[in-house]
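Novice: predicted coordinates and the sequence they were generated for:
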There are 4 protein chains.
Amino acid sequence: MNQNGSTMKFLIIGAGMFGASTAYDVACRGHQVEIVDEVHPGKATLAGAGIVCPWATRLTDPDWYAMYAAGARYYGELIAGLEARGETDLGYRRVGALVVSENPAEFAAAGERIAARTADAPEAGEIRRLGSTEARALFPPLREGLEAIHIAGGARVDARRLSAAMVRAAVTMGARYRNDYITLSTHGGRARALDSTGREIAADEIVVCAGAWAAQILRPLGLMHPVKPQKGQIVHLRLAGTATANWPVLLPMNSYYMLAFDDSRIVVGATREDDSGFDYRVTAEGQFEVLGAGLDIAPGLADAELIETRIGFRPAASSVRPIIGRVPGFDNLALGNGLGAGGISIGPFAGRLLAQSLVGEKPELPIEAYAPGA
Amino acid sequence: MNQNGSTMKFLIIGAGMFGASTAYDVACRGHQVEIVDEVHPGKATLAGAGIVCPWATRLTDPDWYAMYAAGARYYGELIAGLEARGETDLGYRRVGALVVSENPAEFAAAGERIAARTADAPEAGEIRRLGSTEARALFPPLREGLEAIHIAGGARVDARRLSAAMVRAAVTMGARYRNDYITLSTHGGRARALDSTGREIAADEIVVCAGAWAAQILRPLGLMHPVKPQKGQIVHLRLAGTATANWPVLLPMNSYYMLAFDDSRIVVGATREDDSGFDYRVTAEGQFEVLGAGLDIAPGLADAELIETRIGFRPAASSVRPIIGRVPGFDNLALGNGLGAGGISIGPFAGRLLAQSLVGEKPELPIEAYAPGA
Amino acid sequence: MNQNGSTMKFLIIGAGMFGASTAYDVACRGHQVEIVDEVHPGKATLAGAGIVCPWATRLTDPDWYAMYAAGARYYGELIAGLEARGETDLGYRRVGALVVSENPAEFAAAGERIAARTADAPEAGEIRRLGSTEARALFPPLREGLEAIHIAGGARVDARRLSAAMVRAAVTMGARYRNDYITLSTHGGRARALDSTGREIAADEIVVCAGAWAAQILRPLGLMHPVKPQKGQIVHLRLAGTATANWPVLLPMNSYYMLAFDDSRIVVGATREDDSGFDYRVTAEGQFEVLGAGLDIAPGLADAELIETRIGFRPAASSVRPIIGRVPGFDNLALGNGLGAGGISIGPFAGRLLAQSLVGEKPELPIEAYAPGA
Amino acid sequence: MNQNGSTMKFLIIGAGMFGASTAYDVACRGHQVEIVDEVHPGKATLAGAGIVCPWATRLTDPDWYAMYAAGARYYGELIAGLEARGETDLGYRRVGALVVSENPAEFAAAGERIAARTADAPEAGEIRRLGSTEARALFPPLREGLEAIHIAGGARVDARRLSAAMVRAAVTMGARYRNDYITLSTHGGRARALDSTGREIAADEIVVCAGAWAAQILRPLGLMHPVKPQKGQIVHLRLAGTATANWPVLLPMNSYYMLAFDDSRIVVGATREDDSGFDYRVTAEGQFEVLGAGLDIAPGLADAELIETRIGFRPAASSVRPIIGRVPGFDNLALGNGLGAGGISIGPFAGRLLAQSLVGEKPELPIEAYAPGA
């Protein structure tokens, strides 16, 4: 229920991290939810195996960093809530993070950043400096000779599982979920949503969380939404028989990363291909690039099995920044988008901020700066 | 070149049977072509394994039948043309068709229809009545005890391969081909096409051949295109070690059919699920239905390997009928769509008719009755 | 270490449920282990999604039932042990079981059996009689009008995950694991094992747990091992968005069963195809049979997505009975095999019994009756 | 029928290139054939996309080269024969070959070899020297600046399709084909074959064409067959919309090669991993190696789609040489094996030589030097 105690009806378009979290949050507050998710190859969430570890990031914008930090903090509450509602297949684990770099100056800078940022972030856990042998004990394929900083509170997420769990939890609370596409049109200052059969879906709020596909959905309203697909190719390896469940995530302070899942799976990410359009193909070059980056930092993976390469389209504006809030000129239209490669870290929290603003609560962080069209 | 000898630029949206054929035909006439095809799971053409055998069909509308018959006739020219241009992987073979029915009255009626229709259709080839043993010699898994009518000119098509071949042939003649989505808007009586990056694609003619997805593309122009997805689930079986390349297609005079490909593959089609929306899933019920229909008419397939089930969304209006031609109210917008389950039989020919009308030639069959909005 | 405090070297051939459990158990006792597992399509363990619920079974042999019951009891200890060793991806959950039958006499008989057997089996948990509405609240796709008996202690297992976890735990304790094939020969009363490169693998005990493939491995020793492959086809469905993690397993008192996993997945098993040989194909008939059985008992699955069909070859003697123990005439050769469809319920416990006997301990249940060649 | 006009019964174990060709050839001669093929991942034939172009090879052994040359010559007869028997899906095309090298001395040497060898080999077709621009017109992704030698008679083969076609043709002539494993034992100077059910398969000749698996099958007979698996990882790329059907094969005079299929597919081969055992995994390193080699010689493939990587185990003795003929000490046992990476070029012809020798004809080339155990 909202501030006035009345129940609202939300139509959420898109069930990625952002949309699933928004849907889950408004469902938790007792509102009606209909989630409509179009089937596309290459959804960022479905491809995304990600890292929750904001404290090492090189980004410098303080507001953007605050969002990252709050996103990490929120994970504890989210996971506890889903478990309390009976969800078990969450794809999340707090395994710690290992920050390394070949560049001593960069490594030193990372150490300072981490120390400063974790001082008042208890969820970051203990911070320790490790020698090469210690680091390789935690992540055996790591190249010899690299020192590391270990951040106990780092975590990894299988976005596909976590978003599915949020949707399931919402459905258990009464939400409807289906695969279809929605087309929008304008009627007297309101957005109107039709499904593929041409039937109107009545809703008090229409929330577009369609990621890289949002521009396509919003264009009929005359909106030029600034988010475009940024393609990522993500390689999944397997070290059969190796217990990888507790391996930390590996952050080499370049645009690549590595993490492990319970099933002896190691994930190496990722290309960042701007202007890719919706090219959903694994390419020769992309595969070569990511394998090369992975084998460089972790030569012990040479003999690992290559089990799949996933493609995701991150929703990225020209400068990556969140877009959260109501759309000016419409009574009933809101957006959540634009998190780019940060969708896994921030998506759940951003969904909650949007949910809070839409039901009339004060968001935990101010979102005015992220307003659409602002 | 068109009637005036000048070269036009065509933007073809969609590379299924209809779009690929239109693109191929205008490219053959010397025009510039850009083909933009959005990636979707469940394209009818990609799923479609089909039959070219109009003479047995139970449909009664004479115009619609004339289209079917001309569509079959055109195949000979199309295949010869593609081969002449060096295309080899066409997925087409004239293997003959076997018409059977458990219902003697229906079988007799089919015999009469076929006789009447093939009298002046030399491309149908010889028509023969076969006893059960003869029929099973041609199609061994067939149930015992069924008589059959054999139509020598029946053919089968792998739509995925044939449409790819038409696109390749167009590209060889200079066409451009890429995967992206297009959004349309209106400017002073003209349609305007933007790609996913927001860049306008200049074209003298914008031709929407987007099948089940066309309504979504056209809605921003204020057009309520009457085509909706009709889902089909199509089962592929394999009889390893069996030479199936020359097995005739099997038409049991219900909504199911069976055909074989060179690689010991037998295809059983298909569900016809109206109001499916874009539900791309193989379902328990759909699989059970198609397998049941197949095992009923061809119990010899019991031990065949089930290798895959494909999903396609046929573009079907409430009453299936073609939509071919320019859109009223626009200078530069044309459509080809609505062939439903007839897309494989008719698609190539319909694409040619559309191409002819757009370059200013008189189409081989009159298409006025199929004009959009008519 | 064994009774004498000395460390032995075990070569375990096969890493299914039986072999993985034997390997894990001897590794826990401090012995050296080398696990060699040949890659085959259709391993029973890899296909097996199974049920741990012996109390409802219709089997009447008291010894065989005692093994089932002890197998279920052992699961608690096994799971706790793996978790204590850091394994997290176990594929096991105690979700309860729902026994139903269309046949009132059979349903009554099942009720009596369950009551008698669970009287002294606290691990079976509470037994309750449910009306149709209550039963469908627990397992919503269930056909209307069926009463049920609910057994709280029933569990389901993903055998692929559980056996992988046992192998990983053994590897963590120092075991070696690799994919290769082994050929055996005889030398003066001892079996000798060569790997694919012709290199001998020294071992104090060679333990063949190769399931349906064991006869092939043992024949060069002149042994006619009575185990043959019995093919099972197992259908996996998905109800996207539905929280299935806590659905009970469904036992309709015929040869079929149904269970659910966390990821909205429902498993329907299975054909029992004797004399199948190693025919690894999903067949038209097998798929039709299992879907038919599933839709009959749970028509609410009609619209579920069919996501995959797995093939497994159960190791079955002409009359299914375990084979556990040393092979007469050899100093260093032992077998574990023959559990048929019971491999998931009994496999872990049988592996422990074999491990106990090989290290010189007294097995928890007597195994003399199951001796090879007995 | 054999020389004496009587019909023999052959049991052929293995349906790769060698076994399928032997089976086809003896079936053509009117004999009874039973083909039993075990299911394994990683069969060399199933993975193999290969090249028939012996004239450029760097091998120097004149007998071995004579076999290669005759193998290429035989292809014409084989293809014509299969087509005459109605087989259509052969996976073979004479597209020409392009020999290139970065090393001028090596390029010159290759030119001399080719000139000498093709002087009396009309099936090699015309030999032409091409400049870089001409070469890139034939194979557009080729690196700029490389001259080439074009051999018109070079061909490429999809071994999976060709062997399936030979099996189908044999089955059409009455052969039986099934998937199972065979175990062999000795009885008074004869080999005895049992299938997986323990049933003996009566045969006048047992022919083991089991490739990398033959050692495992022969060891129970006390034979130490010298063939081991040599793993190859083969990358398949796609240039959608590009007409690749007539692209020549590319031979860069190292251990890699490239060829194209009709469906816009380009194949890059391959690793040569000795002592691999039966490790059927695509590995990080193997993929990286092959992609690197491919992108180096053909940088125009950077944006190609990576569609699959196939694994094959070539049957290779320590020095690769054929093994063809009867096994000493047995009345009824013969072998065909050991062709290594030459299996595609030579396999069909070697199968014919073996067939000729077994029915009592004089083989077209002498095979005494390749006798097992010789």
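Specialist: Good, I have the coordinates.
Novice: in contact with A:E285, which residues?
Specialist: Neighbour list for A:E285: D:295, D:302-303 [criterion: Cβ atoms under 8 Å, 6 or more residues apart in numbering or on different chains]. Every residue, glycine included, has its C-beta placed from N, CA and C.
Novice: whichever strand or helix holds it - what's its average pLDDT?
Specialist: Assigned by DSSP states H and E, A:E285 belongs to helix A:284-297. Per-residue pLDDT values across helix A:284-297 average out to 97.
Novice: likewise for stretch A:350-360?
Specialist: 97.
Novice: kindly report the same for stretch A:334-345.
Specialist: Stretch A:334-345 comes out at a mean pLDDT of 91.
Novice: now that stretch: buried residues?
Specialist: A:334-345 (16 or more other Cβ atoms under 10 Å in any protein chain shown).
Novice: before we move on, back to that, other SSEs contacting the following helix or strand past the helix holding A:E285?
Specialist: The helix or strand immediately downstream of helix A:284-297 is strand A:305-316, counting by DSSP H and E. Where contact means 3 or more Cβ pairs under 8 Å, 6 or more residues apart in numbering or on different chains; DSSP states H and E, strand A:305-316 is packed against helix A:44-47, strand A:228-238, helix A:284-297, helix D:284-297.
Novice: and strand A:305-316 with strand D:305-316, angle?
Specialist: Computed with axes from the mean of the first three to the mean of the last three Cα atoms, to 10 degrees, the direction of strand A:305-316 lies at 170 degrees from that of strand D:305-316.
Novice: thinking again about what came up before, from the contacts of A:E285, pick the one nearest D:D89.
Specialist: D:D303 (29.9 Å; Cβ to Cβ).
Novice: now the closest one: phi and psi?
Specialist: Note on D:D303: its backbone torsions stand at phi -90, psi 10 [degrees, to the nearest 10].
Novice: ok, for it, nearest residue in space, not its chain neighbours?
Specialist: Leaving aside its sequence neighbours, D:D303 sits nearest to A:T283 (Cβ to Cβ, 6 or more residues apart in numbering or on different chains; 5.6 Å).
Novice: hmm, the one you found is touching D:L295, no?
Specialist: No - the pair A:T283 / D:L295 is not scored as a contact, 10.6 Å apart, by Cβ atoms under 8 Å.
Novice: what sits in contact with each of those two?
Specialist: Residues touching both A:T283 and D:L295 (Cβ under 8 Å, 6+ apart) are D:A302.
Novice: tell me, how many residues neighbour A:D331?
Specialist: Residues lying near A:D331 (other Cβ atoms under 10 Å in any protein chain shown) number 12.
Novice: once you drop chain neighbours, what's closest to it?
Specialist: Nearest non-adjacent residue to A:D331 (Cβ to Cβ, 6+ apart): A:R190, at 5.1 Å.
Novice: what about the one you found, distance to chain C?
Specialist: According to Cβ to the nearest Cβ, to the nearest Å, A:R190 and chain C sit 28 Å apart.
Novice: next one: A:I201
Specialist: A:I201 is 17 Å from chain C, by Cβ to the nearest Cβ.
Novice: now swap in A:D279 and tell me
Specialist: With Cβ to the nearest Cβ as the criterion, A:D279 and chain C are 26 Å apart.
Novice: ok but that residue is inside a helix, no?
Specialist: No - A:D279: not assigned to a helix; according to DSSP: H, G, I helix; E, B strand; the rest coil it is coil.
Novice: quick one on the thing from earlier: which of the contacts of A:E285 are buried? Put it as a PyMOL command.
Specialist: Selection of buried members from these for PyMOL, criterion 16+ other Cβ under 10 Å:
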select buried, chain D and resi 295+302
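Novice: which one among the contacts of A:E285 gets closest to chain B?
Specialist: Ranked by distance to chain B (Cβ to the nearest Cβ), the contacts of A:E285 are led by D:D303 at 11.2 Å.
Novice: so that closest one makes contact with A:F288?
Specialist: No - at 11.6 Å, D:D303 and A:F288 do not qualify as touching, with contact defined as Cβ under 8 Å.
Novice: on the strand side of things, show who A:K231 bridges to.
Specialist: Judged by DSSP bridges, the bridge partners of A:K231 are A:E273, A:F313.
Novice: right, so of the helices and strands packed on strand A:305-316, which gets closest to C:D120?
Specialist: C:D120 lies closest to strand A:228-238 among the helices and strands packed on strand A:305-316, at 44.0 Å (Cβ to Cβ).
Novice: buried sites along that closest one?
Specialist: Across strand A:228-238, burial judged by 16+ other Cβ under 10 Å covers A:228-238.
Novice: just put those residues in TSV and tack on pLDDT.
Specialist: Putting the buried residues of strand A:228-238 into TSV (pLDDT from 0 to 100) gives the following:
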residue	pLDDT
A:K228	87
A:P229	88
A:Q230	90
A:K231	91
A:G232	93
A:Q233	94
A:I234	94
A:V235	96
A:H236	95
A:L237	96
A:R238	93
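Novice: tell me the one of those nearest chain C?
Specialist: Of all the buried residues of strand A:228-238, A:R238 has the smallest distance to chain C: 10.5 Å, by Cβ to the nearest Cβ.
Novice: contacts only, for the closest one.
Specialist: By Cβ under 8 Å, 6+ apart, A:R238 lies in contact with A:263-266, A:304-305, A:307, D:281.
Novice: could you list the contact residues of chain A toward chain C?
Specialist: Within chain A, the positions near chain C by Cβ under 8 Å from any Cβ of the partner chain are A:86-89, A:93, A:161, A:164, A:167-169, A:171-172, A:177, A:179, A:240-243, A:245-246, A:262-264.
Novice: in helices, which of those appear?
Specialist: A:161, A:164, A:167-169, A:171-172 (DSSP state H).
Novice: buried only: go through these for me.
Specialist: A:161, A:164, A:167-169, A:171.
Novice: quick one: which of those residues is nearest to D:M8?
Specialist: Of these, the one sitting nearest to D:M8 (Cβ to Cβ) turns out to be A:R161, at 59.7 Å.
Novice: spatially nearest residue to the closest one, not counting backbone neighbours?
Specialist: The spatially closest residue to A:R161, leaving aside those adjacent along the chain, is A:G91, at 3.1 Å (Cβ to Cβ, 6+ apart).
Novice: would JSON lines of the buried ones among the ones in helices among the residues of chain A next to chain C with pLDDT be doable?
Specialist: Shown next, in JSON lines, are those (pLDDT from 0 to 100):
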{"residue": "A:R161", "pLDDT": "90"}
{"residue": "A:A164", "pLDDT": "92"}
{"residue": "A:V167", "pLDDT": "95"}
{"residue": "A:R168", "pLDDT": "93"}
{"residue": "A:A169", "pLDDT": "96"}
{"residue": "A:V171", "pLDDT": "95"}
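Novice: return the member of those residues nearest to D:G16.
Specialist: Nearest to D:G16 out of these is A:R161 (Cβ to Cβ; 41.0 Å).
Novice: in stretch A:201-215, what counts as buried?
Specialist: A:201, A:203-215.
Novice: out of those, which is nearest to chain B?
Specialist: Using Cβ to the nearest Cβ as the measure, the one of the buried residues of stretch A:201-215 that approaches chain B most closely is A:A215, at 7.4 Å.
Novice: quick one on the thing from earlier: put the buried members of the contacts of A:R238 into a ChimeraX selection.
Specialist: To isolate the buried members of the contacts of A:R238 in ChimeraX, using 16+ other Cβ under 10 Å:
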select /A:263,264,265,266,304,305,307 /D:281
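Novice: ok, of the contacts of A:R238, which one's closest to C:E112?
Specialist: Taking Cβ to Cβ as the measure, C:E112 lies nearest A:D263 of the contacts of A:R238, at 42.1 Å.
Novice: ok, the closest one - contacts?
Specialist: By Cβ under 8 Å, 6+ apart, the residues touching A:D263 are A:238, A:244, C:89, C:161, C:164.
Novice: next, count neighbours for A:T60.
Specialist: So A:T60, with other Cβ under 10 Å, has 8 neighbours.
Novice: measure it to A:R117 for me?
Specialist: As defined by Cβ to Cβ, to the nearest Å, A:T60 lies at a distance of 12 Å from A:R117.
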